[in-house]
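1. Just a sequence and a predicted model for now, questions to come.
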Amino acid sequence: MSGGEVAVALDVGGTGMKCALVGADGAVRHSERHPTDAGRGPDAVVETILTVADGLAAKARADGLTPTALGIVVPGVVDEARGVALWSANVGFRDVPLRELASRRLGLPTALGHDVRAGGLAEARLGAGRNAGHVLFVAIGTGIAAAHVVAGAAATGAHGAAGELGHILVRPDGPVCGCGRPGCLEAIASASAVAHRYAELAATATGTATGTGITSDDGSAARPDPGRTMVSAAEVAARAAAGEQLATRVWREAVEALADGLATGQALFDVETIVLGGGLAQAGAGLFDPLRAALRDRLTFHREPRLVPAALGDEAGCLGAALLALDQLEKR
């Protein structure tokens, strides 16, 4: 692949698409963002994906670049071998042959992948897991998902569903997960679970700060925002750092559950590096310091992995899509 050749890359989410032209060295030559508008239905979303991809290829040619391959990543369950988006609640896909549709439209070799696995691939090869042969990338946002990357390749599983770390059972008597089973890691330690748990506990108190029994470590009453029933996980983390008793309890529950999940992951995969991404990882030392300690306490004969924050931010999925496209060219 010469210096003027680029991969067209799209990371499709339920709300928006992150798109780029990426060189073989991983450098982004051009980037765009577009709304997905998933509410219009899957057919409309497919047409938007194809139109945007076509426009990016045209942009590359107008800039004197040569688009050589296309990579698209989507959420849900993806059959990468057949290039079919089997199911995705976020965008409404069910058995969509997206690789074939895109290849026919653009006339380019096309790779279809899973968004979290693609993000893990990018972090392992270009980001925080670079130079580590075995990496577990864990994205903690509305849900929890993971990618196991070995020697620069992410495992897909026999049915395209590898990496569902969020559905490890960590608390048998815990809250019911979106999958229908109680006690999944995702139901306790995801960003949305942290926010819901805090709201649930706060709702058991009276409407005023002094009557809630929610106090700071110094004994002073916490002061929730009046009229606000839900705070974000980031705000829960900030309140825990400030010493609020209720936030500290919720945050500790999430960290302990996450440590259980990561210990299970380490027992299964024996990785050198665990990379945490997604919204919850933005808590920085407030997450990583207690999580490292809790994970260390759970390990016996297993080697302790390096635990680091993701480096590529929300570009990881798009860069991973480009890597899938470029890898495909090398296999031809």
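-> Nice, I can see it.
2. Just the mean pLDDT for the longest helix anywhere in the chain, thanks.
-> Assignment by DSSP state H gives helix 245-269 as the longest helix of the chain. The predicted model gives helix 245-269 an average pLDDT of 97.
3. Where does Ala24 fall, secondary structure wise?
-> Per DSSP states H and E, Ala24 falls between elements, in no helix or strand.
4. from memory it sits against Thr66, does it?
-> No - Ala24 is beyond contact range of Thr66, at 11.6 Å (criterion: CB atoms under 8 Å). Quick note: C-beta positions are derived from backbone N, CA and C, even for glycine.
5. Common neighbours of those two, please.
-> Common contacts of Ala24 and Thr66 (CB atoms under 8 Å, 6 or more residues apart in numbering): Glu5.
6. give me the low-pLDDT residue ranges for the stretch 1-150 of the chain?
-> 1-3 (pLDDT under 70).
7. tell me the phi and psi of Val12?
-> Note on Val12: its backbone torsions stand at phi -100, psi 120 [degrees, to the nearest 10].
8. What separation do you get for it and Val78?
-> 11 Å (CB to CB, to the nearest Å).
9. Which strand residues bridge the closest residue to Asp327 other than its chain neighbours?
-> Distances taken as CB to CB, 6 or more residues apart in numbering place Ala111 nearest to Asp327, at 7.3 Å, with adjacent residues excluded. Beta-bridge pairing of Ala111 under DSSP bridges involves Gly71.
10. Do I have it right that Ala111 meets Ile72?
-> Yes - with contact defined as CB under 8 Å, Ala111 and Ile72 form a contacting pair (7.4 Å).
11. Find the residues that touch each one of those two.
-> Residues touching both Ala111 and Ile72 (CB under 8 Å, 6+ apart) are 99, 321.
12. which residues sit in contact with Val46?
-> Val46 touches 96, 98, 101, counting by CB under 8 Å, 6+ apart.
13. just checking, what packs against the longest helix of the chain?
-> Where contact means 3 or more CB pairs under 8 Å, 6 or more residues apart in numbering; DSSP states H and E, helix 245-269 is packed against strand 134-140, strand 144-150, helix 186-189, helix 191-203, helix 233-241, strand 273-277, helix 285-298.
14. Which positions within the fourth one qualify as buried?
-> Just to be clear, that refers to helix 191-203. Across helix 191-203, burial judged by 16 or more other CB atoms under 10 Å covers 191-199, 201-202.
15. so when I look at Ala102, I'm seeing a strand, right?
-> No - counting by DSSP: H, G, I helix; E, B strand; the rest coil, Ala102 is not part of a strand but helix.
16. Identify the residues contacting the residue nearest to it when sequence neighbours are not counted.
-> Computed as CB to CB, 6+ apart, the closest residue to Ala102 that is not its neighbour in sequence is Thr110, at 4.7 Å. With contact taken as CB under 8 Å, 6+ apart, Thr110 is in contact with 69-72, 83, 99, 102-103, 325, 328.
17. re the thing from before, so for Ala111 and Ile72, which residue has more residues nearby?
-> For Ala111 versus Ile72, the count of surrounding residues by other CB atoms under 10 Å is larger for Ile72: 31 against 27.
18. so the closest residue in space to the more buried one that isn't next to it in sequence is in which element?
-> Spatially, and ignoring its direct neighbours in sequence, Ile72 is nearest to Leu10 (4.8 Å; CB to CB, 6+ apart). Assigned by DSSP H and E, Leu10 belongs to strand 5-12.
19. following that strand, which helix or strand comes up?
-> Downstream of strand 5-12, the first helix or strand assigned by DSSP H and E is strand 16-22.
20. Next secondary structure after that following strand?
-> strand 28-35.
21. That following strand to strand 5-12, inter-axis angle?
-> Regarding strand 28-35 and strand 5-12, their directions subtend 30 degrees when assessed with axes from the mean of the first three to the mean of the last three CA atoms, to 10 degrees.
22. If we go by neighbour counts, what in strand 28-35 is buried?
-> His34.
23. Output it as PDB, restricted to C-alpha atoms.
-> Provided in PDB are the C-alpha atoms of strand 28-35 (Å, rounded to 0.1, in the frame of the first residue of the first chain):
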ATOM      1  CA  VAL A  28      -6.000   9.600   9.800                       C
ATOM      2  CA  ARG A  29      -6.000  11.700   6.600                       C
ATOM      3  CA  HIS A  30      -9.500  12.900   6.800                       C
ATOM      4  CA  SER A  31     -12.400  12.500   9.300                       C
ATOM      5  CA  GLU A  32     -16.100  13.100   9.400                       C
ATOM      6  CA  ARG A  33     -19.100  12.500  11.600                       C
ATOM      7  CA  HIS A  34     -22.700  11.900  10.500                       C
ATOM      8  CA  PRO A  35     -25.900  11.100  12.300                       C
END
